[in-house]
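Chemist: Build me a model:
(chains A and B, ligands or ions: 2)
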Amino acid sequence: MKSKKQWLTAPGLLVLLVFAVAPLFIMLYYSFLSDSGAGFTLDNYKVFFQKSFYLSLTWSTIKNSIYVTLISLIIAYPLAYIMAKKLKGIKNIILILIIIPFFTNQLVRVYSWLIFLQDGGIFDAFLNSVSIIEGSLSLLYTRKAVIIGLVHAFFPYMVITIYLALEKVDNALLEASSSLGATKLETFRRITLPLSRPGILSGILLVFVPCLGTFVEPRILGGVNGTVIGTVIEDQFFEIYGWNFGASIAFILLAMVLISMNVLNYLGREK
Amino acid sequence: MATVRLENLTKKYGENTVLDGISLEIPEGTLVSLLGPSGCGKTTTLRLIAGFEQADGGDIYIDNQRVNDIKVHQRNIGMVFQSYALFPHMTVWDNVAYGLKQRKLSKKEIDSRVKDVLKLVQLEGYEARKPKQLSGGQQQRVALARALVIQPKILLLDESLSALDKKLRVEMQVELRRILDASGITALFVTHDQEEALTLSDYIVVMDRGTIVQVGKPYEVYEAPKNRFVASFLGKSNFFEGVIKEKNDIVIILETSFGEMPLATSSPREVGEAALYSIRPEKIKLEATDKNSAAESISGVVKFVTYAGNISSYTIDCNGLQVIAESQNAVGEFQFKEGDLVFLCWEPQFCLLMEDEVKK
Ligand SMILES: Nc1ncnc2c1ncn2[C@@H]1O[C@H](COP(=O)(O)OP(=O)(O)O)[C@@H](O)[C@H]1O
Ligand SMILES: [Mg+2]
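Modeler: Numbering: from 1, shown residues only, chains lettered A, B, ... in the order given. Ligands and ions are numbered 1, 2, ... in the order given. Next up, the predicted model:
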């Protein structure tokens, strides 16, 4: 019986092997190839760590991802809390509104931000009309624009993971806490927040990790100011044809992803 | 420890009146149970006392202080939830200490009180466990300890034993009684299990559709149910409904839809009045010959005999009316068999007049 059931995993494993693991090994192979064609070398990795440009690039990529993650968390938590604990009927409508970005084409989403944020665009026009600013904020082609675009792309993951965690927090626990003498704030601090921690951590994972490797938003909304690891890798493959170096950066990125996943796992383990 | 008084308490959810002006006094140091079918408003009553819900009318007094407008966290009430509601991310110790930490007591005081209460509920040695590492009965005791340790004015328990299996439930009933007696606390206990209410409480409050039907000591409510609802919800009863045709001090002749029936009872109702009478199955004695000297007894034919170990239950067809009689299996064999003609005898005081309105 047991071995029969295990066979059922074969098709899935095969797909994984062919489409995920194999390309990974091919890239790994490239990352050690010397450009001169003279066998294997560590040069592709050395270059990355020797040039300060790449190190500061790494740092600003990480910083970008941290900003996006924090902003998403700050927006998402109250929203998820209100949806899970305060709303009944319209909750589903809000959920759908939050999920819509998942279904829209990435380019459509990004280009609509382009139109929205450009000088004299809708955003400026609105702020001008309510007299908050005069002229233009000149947001487009800055890091701020990249962060706005990325927050929009990724904060739904944060809302949904936190919402699911909060939804599972039994209201009887909150009532028990207040009957034991805790104020609303104390109940939040000692019961709600700790119980939603797994949701927060998986939200952070789902936002921070993909942010590290993204290149569409930085390229389109950030222009020359939007250079991040993702765009550099893309350039290596499609502009400069430096596949070997591109592959090595991709693996350094993968290492960063694995490290951050482990750190988050470590934080999320049960105490 | 305190006296709790409800005056004319009313609660509505939209159009639905869930509590319809209930009044009740819970004396200090007693265990009172709210008994009634599902949906009759028991949980709502507890939630109003705890402060989770606001009353639409009426007042709640604890020690003569009106608490309607006092917030939950300031009411000092212990609640044991049906689901226990233990904090899953905290150990047994932290769960129990939670309320004391909110009260900003010294660490020394907290330690000694938590220790004492864990001893009381016999959970020493389990301090470091998480709730999910405990059995249902143990979780129940943690919930009880957590509510008791804050020395609440009143302890509210919502069907706290109903999630346990039968054997454990009976054990916990005894245990609960011991713990409550030891702490001398005033407690209000919700249950839909009549046996639990009878064995556990000092007073039983029988509720039906948002009203209180009867309040009394367990034996009072059982032996003298006020109406058909109480007589049939708490234990089993036989009912006789009809118009009184003749009467003397110990017997009436009741004109029922199953014909005339002589009932041994001393009823205040007059000839010509309609009335409903009830009698418990175990109060009926079956005889092969009529032993009633004052008048003839009801007679009938045994239809079914059900053997239930300690008792036998006889279903008797009295001219179409099914009457149930139970007797102890004292002799180890059936007294009567199906098809036997039997006479139904009882002491007049056991045949009770019900307060229900009866149409002629
Ligand atoms: N939050 C609520 N909203 C609407 N109706 C409710 C709510 N809580 C309880 N009810 C209704 O009130 C009635 C009494 O409920 P409850 O007090 O829980 O009964 P019990 O505990 O006796 O089973 C039920 O008909 C129930 O449907
Ligand atoms: Mg209930």
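
Chemist: Quick check, pLDDT for the residue of the stretch 1-150 of chain A found nearest ligand 1.
Modeler: When scored by CB to the nearest ligand atom, the stretch 1-150 of chain A has A:K88 as its residue closest to ligand 1, at 11.0 Å. Quick note: C-beta positions are derived from backbone N, CA and C, even for glycine. In this model, A:K88 is scored at 83, pLDDT.

Chemist: Now the phi/psi pair for it, please.
Modeler: Note on A:K88: backbone dihedrals following degrees, to the nearest 10 are phi -120, psi -80.

Chemist: now do B:P268
Modeler: Backbone torsions of B:P268, given as degrees, to the nearest 10, read phi -70, psi -10.

Chemist: tell me the contacts of it?
Modeler: B:L353 (CB atoms under 8 Å, 6 or more residues apart in numbering or on different chains).

Chemist: Could you check how far it is from B:I244?
Modeler: 11 Å (CB to CB, to the nearest Å).

Chemist: what's the answer for B:Q322, then?
Modeler: To B:I244, B:Q322 is 22 Å away according to CB to CB.

Chemist: Comparing those two, which shows the higher neighbour count?
Modeler: A direct count of neighbours by other CB atoms under 10 Å in any protein chain shown for B:Q322 and B:I244 places B:I244 higher, at 19 against 13.

Chemist: Regarding the more buried one, what is its secondary structure?
Modeler: On the three-state scheme (DSSP: H, G, I helix; E, B strand; the rest coil), B:I244 is labelled strand.

Chemist: wait, doesn't it sit right on B:R269?
Modeler: Yes - taking contacts as CB atoms under 8 Å, B:I244 lies within contact range of B:R269: 5.7 Å.

Chemist: can you list residues touching both of those two?
Modeler: B:I252, B:A275.

Chemist: can you pull out the helices in chain B?
Modeler: Applying DSSP state H to chain B gives helices spanning B:42-50, B:92-102, B:107-120, B:136-148, B:166-183, B:194-200, B:218-223, B:228-233.

Chemist: got those as CSV, with mean neighbour count, distance to ligand 1 and mean pLDDT columns?
Modeler: What follows is those, written out as CSV (neighbours: other CB atoms under 10 Å in any protein chain shown; distance: least, CB to the nearest ligand atom, whole Å; pLDDT from 0 to 100):
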stretch, mean neighbour count, distance to ligand 1, mean pLDDT
helix B:42-50, 23, 3, 96
helix B:92-102, 23, 24, 97
helix B:107-120, 16, 27, 95
helix B:136-148, 23, 18, 94
helix B:166-183, 15, 18, 86
helix B:194-200, 19, 13, 89
helix B:218-223, 17, 17, 96
helix B:228-233, 21, 13, 95
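
Chemist: could you redo these as JSON lines and give each row distance to B:V67?
Modeler: As requested, those are exported to JSON lines (distance: least, CB to CB, whole Å):
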{"stretch": "helix B:42-50", "distance to B:V67": "8"}
{"stretch": "helix B:92-102", "distance to B:V67": "18"}
{"stretch": "helix B:107-120", "distance to B:V67": "24"}
{"stretch": "helix B:136-148", "distance to B:V67": "17"}
{"stretch": "helix B:166-183", "distance to B:V67": "21"}
{"stretch": "helix B:194-200", "distance to B:V67": "26"}
{"stretch": "helix B:218-223", "distance to B:V67": "28"}
{"stretch": "helix B:228-233", "distance to B:V67": "30"}
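
Chemist: For these, give me JSON lines that also has distance to chain A.
Modeler: Formatted as JSON lines, the helices of chain B follow (distance: least, CB to the nearest CB, whole Å):
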{"stretch": "helix B:42-50", "distance to chain A": "6"}
{"stretch": "helix B:92-102", "distance to chain A": "4"}
{"stretch": "helix B:107-120", "distance to chain A": "13"}
{"stretch": "helix B:136-148", "distance to chain A": "7"}
{"stretch": "helix B:166-183", "distance to chain A": "17"}
{"stretch": "helix B:194-200", "distance to chain A": "21"}
{"stretch": "helix B:218-223", "distance to chain A": "28"}
{"stretch": "helix B:228-233", "distance to chain A": "27"}
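
Chemist: buried sites along stretch A:192-199?
Modeler: For stretch A:192-199, the neighbour count (16 or more other CB atoms under 10 Å in any protein chain shown) marks A:T192, A:L195, A:S196, A:P198, A:G199 as buried.
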